[in-house]
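**Q** prediction below, plus the sequence it came from.
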Amino acid sequence: MDSQPSDELIRDLHARFGLAYYQSECLHRGLCIVLAYLGLPPTNFLTGQRVEELLAQSFSLTLGEVAEKLESILPAEWNTEIREAVEIRNFLAHHFLFDRAHLMHNRDNVRRLIAELNGYAEKFDKLDVQISEWPKLKEKQKQLGITDEILEDNLMKILAGQDGEPLPDKQTVRELERKLRKQQRLMRVWEPALEGGRRSLIFELADGTLWQLSDVGLGRTRFAEVGPDWKEHQKIKPHLPADIVPRPRSTTPWEYEFTLANGVALWVKPCWRKRTFTWGLRIP
């Protein structure tokens, strides 16, 4: 009886388990952000929806999956530590409480378990800080205009409950990836009027979903349905419907084309003005 752990010690054990798992989540999210940031084109070619798409894709990956994708990108000397972190995270998630249950009835053993969990938490935290301070990541953040002040301001908004719209969930991301990899029937191209007299191209597929142009082809749009004042683009209308590949092969942001009916090509190219693109039709 004298060797039994107190209720307070057991509570501390569970709290340390929670801290270790939390630190693994911080590392996981940090790696996801690195993967998304490094996949972004220069700011001149960015759209908000494309940023959200890449973040959602990264966050849909497990820690092991994102670590594997970054293995050839992060400094090689970090790979062993990250692989160990993945193994520890999986052990915590699936085995720790069961495998260590027989040790939780002895005070000294509980203290050893607490020390073990503290070590895991420190390992995750050290790696997370190391990655967040990586010069290549810092340089990419600078290119994207993400300053420490912006990060701090957004953190304060989140803590105050002012977080924005949630990113698409894992199932939505998977469906998006499948849809954009396959040939789709393009039915209409709309030209809604935007604020300031600007106009945009909105693409409607056969399933009724709406899309807009991005750096790699069709991407998500903030529009959920066709507006009552929208008009079909008259120059494109005669060449629809058409079967297109939503994400054409391209090695340069904003430089690709869709093949419409009768061999007509809708081409997209970056414009000489920053943050703009141009498009046109090439008729054989």
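**A** Ah, there it is. Residues are numbered from 1 along each chain as shown.
**Q** quick one: low-confidence parts of the stretch 1-150 of the chain?
**A** Residue ranges of the stretch 1-150 of the chain with pLDDT under 70: 1-2.
**Q** do a quick rundown of the helices in it.
**A** Assigned by DSSP state H, counting those that start in this stretch, the helices in the stretch 1-150 of the chain fall at 7-38, 48-59, 63-70, 79-94, 96-99, 107-132, 135-144, 148-159.
**Q** compare the ones you listed and give me the one nearest Lys170.
**A** Smallest distance to Lys170 across those (CB to CB): 8.0 Å, for helix 48-59. Every C-beta, even on glycine, is put in place using the N, C-alpha and C of the backbone.
**Q** one step back: which one of the helices of the stretch 1-150 of the chain lies nearest to Pro166?
**A** The minimum distance between Pro166 and these falls on helix 48-59, with 9.3 Å, by CB to CB.
**Q** give the buried residues for the closest one.
**A** In terms of neighbour count (16 or more other CB atoms under 10 Å), helix 48-59 has its buried residues at Arg50, Glu52, Glu53, Leu54, Leu55, Ala56, Gln57, Ser58, Phe59.
**Q** so how far is Ser132 from Lys126?
**A** Distance check for Lys126 against Ser132: by CB to CB, to the nearest Å, it reads 11 Å.
**Q** so which residues make contact with stretch 82-90?
**A** 21, 24, 27-28, 31, 63-64, 67, 70-71, 74, 120, 123-124, 127 (CB atoms under 8 Å, 6 or more residues apart in numbering).
**Q** again, only this time at 10 Å
**A** Outside stretch 82-90, the residues that touch it by CB atoms under 10 Å, 6 or more residues apart in numbering are 20-21, 23-25, 27-28, 31, 62-68, 70-71, 74, 78, 96, 119-120, 123-124, 126-128, 130-131.
**Q** pull the distance from it to the chain's centre.
**A** Chain-centre distance of stretch 82-90: 21 Å, with CA atoms, centre = their mean, to the nearest Å.
**Q** grab the nearest non-local neighbour of Val34.
**A** Spatial nearest neighbour of Val34, chain neighbours left out: Leu137 (5.7 Å); criterion: CB to CB, 6 or more residues apart in numbering.
**Q** neighbours of the one you found, how many?
**A** Neighbour count for Leu137, taken as other CB atoms under 10 Å: 17.
**Q** same question for Gln171.
**A** By the measure other CB under 10 Å, the count of residues near Gln171 is 9.
**Q** from Gln143, how far off is the residue nearest to Val34?
**A** Distance, Leu137 to Gln143, by CB to CB: 11 Å.
**Q** one more: Gly217?
**A** Gly217 is 23 Å from Gln143, by CB to CB.
**Q** these two: which is more packed in?
**A** Gly217 (21 against 12).
**Q** specify the beta-bridge partners of that one.
**A** Per DSSP bridges, the residues bridged to Gly217 are Ser214.
**Q** OK, contacts around it?
**A** Contacts of Gly217 (CB under 10 Å, 6+ apart): 180, 203, 211, 244-250, 254, 256-258, 268.
**Q** quick check: Ile131 touching Gly30?
**A** Yes: contact criterion CB atoms under 10 Å: Ile131 and Gly30 qualify, at 5.4 Å.
**Q** what touches both of these two?
**A** Shared contacts of Ile131 and Gly30, counting by CB under 10 Å, 6+ apart, come down to Leu137.
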